[in-house]
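J.: Build me a structure from this.
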Amino acid sequence: MTWLLNLRTHTKLMLAFSLVIIGFASLLYLAQTSLRTIQKNDENLNQLGRDLAAFKDFRFNIQYTREKILIALQSKNAAEGNVIATHIRSIQEQNSKILTTLLAHAAKDQAQYKLVNEVTRLWRDYTVVRDQQVQLLTANKFDEALTLAMSTQHNRIQHLRELAYQLDTEVAQKIRLLVQNNNQIIDQQLDRALWLGSVLILLTFTLTIMLSRSIGIPLLTLTNYAKQICVGDIPTRFDFTLRRDEVGELSQAFARMGEYLKTLSRQAERLAEGDLSASVAAQSEQDVLGLSFARMVESLCQLTQEMQEGIVVIASASEEIFSTAGKVASSVHESAASITEIATTIEEVKQTAHLAHKRASEVNEASTRNRQIAFSGCDAVAQSLSTMAQIREQMHAMAESILRLGEQSQAISEIVATVNELAEQSNLLGVNASIEAGKAGDAGKGFAVVALEVKALAEQSKLATAQVRNILGDVQRAMTRAAMAAEQGSKAVDLGFEHARSSDEAMRQLAESLEQSSDMAQQIATTSQQQLAGMDQVAMAINNLRQTSHDNAAGANQVGQSTRDLHGLGGRLKRLASQFKLPSRQTA
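T.: Numbers count the residues shown, from 1 in each chain. Take a look at the predicted model:
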């Protein structure tokens, strides 16, 4: 077993996997061979089953046609013969195909081939006699056809049945043999697969145990060594160092690493005791730990030497700091008193700034109200201008309407004059008619009455036209006065519109001036607010400065105490530094 342990790990794994793969390949080959044999037997079984079913159809067709012929003969129905003849031709083609197929399939089995050939011969003889029966049936020779069916055909049918039974028996026997063969093959292959699987499982289990003992257990042991090293517990002995595989190399590397860590720990103990002359040689240029340890020792030596020199400087500087701290404390107290006076003055200035901010806020509010009033006045003047413009347009429209009315009244006056002339002419006509009626005597009395009525109407028309003329005169005079009044009103409206426009311009200028004043007042209020905020910040800063000055005074006292403590600390540091043992090349 030593040679197996000394093999390389990848060689062990390849050997184990090769054995497992060979076992699985053998198992697959056996399974494939058995499967092919079973598939071949299944094909034979399927073929025998199809042949058996086809032969059953063959026997059924013969029995069916015989029964049809017997029924037709017993019923003595000659018309049924033609139908049976047509049906027999289709069945005969089907039976011919079945027998041809059976002969082809039975070619390899001499006994079965002989049986099928004998069945074919009998069936051909049967078809010849059957055709004669059909011919006799169609010729109405029922007794002859029946005698033929009950004599020779009956014997042939019996012989066919015997052959069919024998053929069925042989096919069934073949099917049973094939099934038994399949079962035997399956059992054999199962036994072989079980045996080979058991061997394969045993081989796999053996290889697993061997690999576990050869690789797993040593790796677990080395892992425990690594865990011990991680927590600082360096083992005194490492197993598997005599092996020549990867595990042996890893164990040897762990042993060298443990020895190296022990050397570093011994040198670290010397450093902890204050012996800075300890040194560690790096194993190689890639030895980060060894190089870092050497640099650490060198840095500690330099730091210790610099610390000793710095301690001397600290001791002398602490005395100077102590004397300076007293002076700083007195200066800080004087600064605190001055800052207190400044804080009082700043508080008074802040009160004045509060008062100025209050006055600026009041002025800003007043200017804001005045600006709103000015804007309201501008809106009112703008509305007045709009109303005056509407009135001026209405006055112009009214003047135009009055002028049109004057023109229409003039036209009415002309019409009235025409009506007056017509009335005078009607009056003259009425007078003439009266004269003519008087000349006519009694015959003209009716005409005289009409003439009087016309004359009366003419007089009334003249009176009406006179009244209309008087009314038109009054209307024209009133319209003339109205036109003059409308013209004067239009001029007055134009003048008022101009005055309103001037007022609007003045109000706009006043609103702009008030808006500028309001903006300036707002700026003043904002500035005063900023000044007030600035004064608050200054006051806060002065208070902070005052508090800082008090803190500085307290701190100055603490600094004095700290300098005394620092002086004592310098002495202790000197004593501690003297405990470190520096290399001779650095102390020289």
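
J.: all contacts plus neighbour counts: C-alpha atoms, from now on.
T.: Fine.

J.: name the element the closest residue to Thr204 other than its chain neighbours belongs to?
T.: Nearest non-adjacent residue to Thr204, counting by C-alpha to C-alpha, 6 or more residues apart in numbering: Val20, 6.7 Å away. Using DSSP states H and E, Val20 sits within helix 9-75.

J.: Quick check: mean pLDDT of that helix?
T.: Per-residue pLDDT values over helix 9-75 give a mean of 72.

J.: Show me what that helix is packed up against.
T.: helix 79-105, helix 110-138, helix 142-150, helix 152-211 (3 or more C-alpha pairs under 8 Å, 6 or more residues apart in numbering; DSSP states H and E).

J.: In the first one, which residues are buried?
T.: By neighbour count on 16 or more other C-alpha atoms under 10 Å, the buried set for helix 79-105 is Glu80, Gly81, Ile84, Ala85, Ile88, Ile91, Gln92, Asn95, Ile98, Leu99, Leu102, Leu103.

J.: and of the helices and strands packed on helix 9-75, who's closest to Gly258?
T.: Taking C-alpha to C-alpha as the measure, those were each checked against Gly258, and helix 152-211 came out nearest at 27.1 Å.

J.: Nearest to Asp474, out of the helices and strands packed on helix 9-75?
T.: Using C-alpha to C-alpha, these put helix 79-105 closest to Asp474, at 134.9 Å.

J.: what's the burial count for Asn46?
T.: 13 (other C-alpha atoms under 10 Å).

J.: would you list the helices and strands packed on helix 9-75 in TSV and tack on distance to Thr65 and mean pLDDT?
T.: Formatted as TSV, those follow (distance: least, C-alpha to C-alpha, whole Å; pLDDT from 0 to 100):
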stretch	distance to Thr65	mean pLDDT
helix 79-105	7	75
helix 110-138	9	77
helix 142-150	12	73
helix 152-211	12	76
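
J.: could I get those helices as TSV with distance to Cys230?
T.: Listed next are these as TSV, based on distance: least, C-alpha to C-alpha, whole Å:
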stretch	distance to Cys230
helix 79-105	82
helix 110-138	87
helix 142-150	109
helix 152-211	27
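
J.: Ok, which of those comes nearest Arg256?
T.: Among these, the nearest to Arg256 by C-alpha to C-alpha is helix 152-211 (26.1 Å).

J.: Give me the helices and strands touching that closest one, please.
T.: Taking 3+ C-alpha pairs under 8 Å, 6+ apart as the contact cut, helix 152-211 packs with helix 9-75, helix 110-138.

J.: Only the buried residues of the shortest one, if you could.
T.: Of the residues in helix 110-138, 112-113, 115-117, 119-120, 122-123, 126, 129-130, 133-138 count as buried by neighbour count, 16+ other C-alpha under 10 Å.

J.: Okay, angle between it and helix 79-105 too, please.
T.: Helix 110-138 runs at 170 degrees relative to helix 79-105, counting by axes from the mean of the first three to the mean of the last three C-alpha atoms, to 10 degrees.

J.: which secondary structure elements does helix 110-138 contact?
T.: helix 9-75, helix 79-105, helix 142-150, helix 152-211.

J.: In a markdown table, list those helices along with distance to Gln537.
T.: Shown next, in a markdown table, are those (distance: least, C-alpha to C-alpha, whole Å):
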| stretch | distance to Gln537 |
| --- | --- |
| helix 9-75 | 81 |
| helix 79-105 | 120 |
| helix 142-150 | 141 |
| helix 152-211 | 83 |
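
J.: So for Ala448, which of those sits nearest?
T.: helix 79-105 (136.5 Å).

J.: Which stretches in the stretch 351-500 of the chain count as helices?
T.: Per DSSP state H, counting those that start in this stretch, the stretch 351-500 of the chain carries helices over the ranges 445-577.

J.: what residues go with each domain of the chain?
T.: Split into domains by automatic domain parsing, the chain comes to 2-223, 304-577.

J.: Of the helices and strands packed on helix 9-75, give the one that comes closest to Ile412.
T.: helix 79-105 (126.1 Å).

J.: relative orientation of that closest one and helix 9-75 in degrees?
T.: Relative orientation of helix 79-105 versus helix 9-75 (the same axes, to 10 degrees): 150 degrees.

J.: follow-up on the earlier one: save the helices and strands packed on helix 152-211 as TSV, and put in distance to Arg270 too.
T.: Shown next, in TSV, are the helices and strands packed on helix 152-211 (distance: least, C-alpha to C-alpha, whole Å):
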stretch	distance to Arg270
helix 9-75	43
helix 110-138	107
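
J.: Any idea which of the ones you listed gets closest to Gln189?
T.: Closest approach to Gln189 among the helices and strands packed on helix 152-211 (C-alpha to C-alpha): helix 9-75, 6.6 Å.

J.: which residues touch the residue lying closest to Gln133 once chain neighbours are set aside?
T.: Leaving aside its sequence neighbours, Gln133 sits nearest to Ala145 (C-alpha to C-alpha, 6+ apart; 4.9 Å). With contacts defined as C-alpha atoms under 8 Å, 6 or more residues apart in numbering, Ala145 is in contact with Leu73, Gln132, Gln133, Val134, Leu136, Leu137.

J.: still on that earlier bit, and Ile415, which of the helices and strands packed on helix 152-211 is closest to it?
T.: helix 9-75 (133.4 Å).

J.: So what angle separates the directions of the closest one and helix 152-211?
T.: Angle of helix 9-75 versus helix 152-211, following the same axes, to 10 degrees, is 170 degrees.
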